[in-house]
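Enquirer: sequence and predicted model, in that order:
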Amino acid sequence: MRKIPHFVIALMFLLSAASVKAQDTYKSALGLRIGDGYYDLVSASFKTFLGESPGALELNVGFRDYGVIGYNWFNVSASLSYQYHFDIKPVPGLRWFVGAGVTAFNTFSSYSDYRGFGLGVFPTGGVDYKFSKIPLDVSADIRPTVGIIKPYDYYDDFYVGNFGMAARYTFR
C-alpha cells in the first residue's frame, strides 16, 4: 500500500517536468552537486541568473562524513559563488564560466582535534550545459580553496582539488 503514494508523486513530478517548455537558457535551477572537497561531498545546489546578465549566483548547502580507524567526524557547509558565463557558440546551451566564492563549514566530532569552524575562499571555473528538450542543466567545475580559518590541523591552507558535478532541474 505504501508504494502507491510514491508512484503517484513520481508520476506527478514526471508530468509536470514534461509540461515545462524546455529551452537552451534558464533563469534558475535546483538540484544536487557531488564534489570531492574537504567540506562537502553531497550538497543541494541552487543556481540563479541575475536578470538578463550572464552573471549567476550558485548556493550550495551540503555535508561530508569522514572516518579513520577509531575516529569519525562530520562536516556541514554552505558555499556561495558568483559565476560569469560565456557561450560556446557551436553548441546551443553549452557555456563555460569563471568566478569566485566563499565557503563556511563546521566540523563535528567527539575527538577535539577534528572539530570547529572553517572558512575559505575559492576561484571557480567550469562548464554548464542546459538540455534543450528537457528542463535539465548539468555542470562540472573546480573550486581550489584557500583556507582562511582552519577548524583542525588536517585541513590544508590551500586545497587544489575540489572538483564537482551538478545536475539541476531548471525553471524559467
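Expert: Noted; the coordinates are in hand. Numbers count the residues shown, from 1 in each chain.
Enquirer: let's verify the one residue sitting closest to the centre of the chain: helix, strand, or coil?
Expert: Taking Cα atoms, centre = their mean, the centroid of the chain lies closest to R33, which sits 3.8 Å from it. Using DSSP: H, G, I helix; E, B strand; the rest coil, the three-state assignment for R33 comes out as strand.
Enquirer: thought it was touching S45?
Expert: Yes: with contact defined as Cβ atoms under 8 Å, R33 reaches S45; the gap is 4.1 Å. C-beta: built from backbone N, CA, C; applies to glycine.
Enquirer: now for those two: what residues contact both?
Expert: N60, A166 (Cβ atoms under 8 Å, 6 or more residues apart in numbering).
Enquirer: before we move on, the earlier item: what about the residue nearest to the centre of the chain, distance to E52?
Expert: Using Cβ to Cβ, to the nearest Å, one obtains 25 Å as the distance from R33 to E52.
Enquirer: and if you look at F131?
Expert: 21 Å.
Enquirer: more neighbours, the two?
Expert: F131 (14 against 8; other Cβ atoms under 10 Å).
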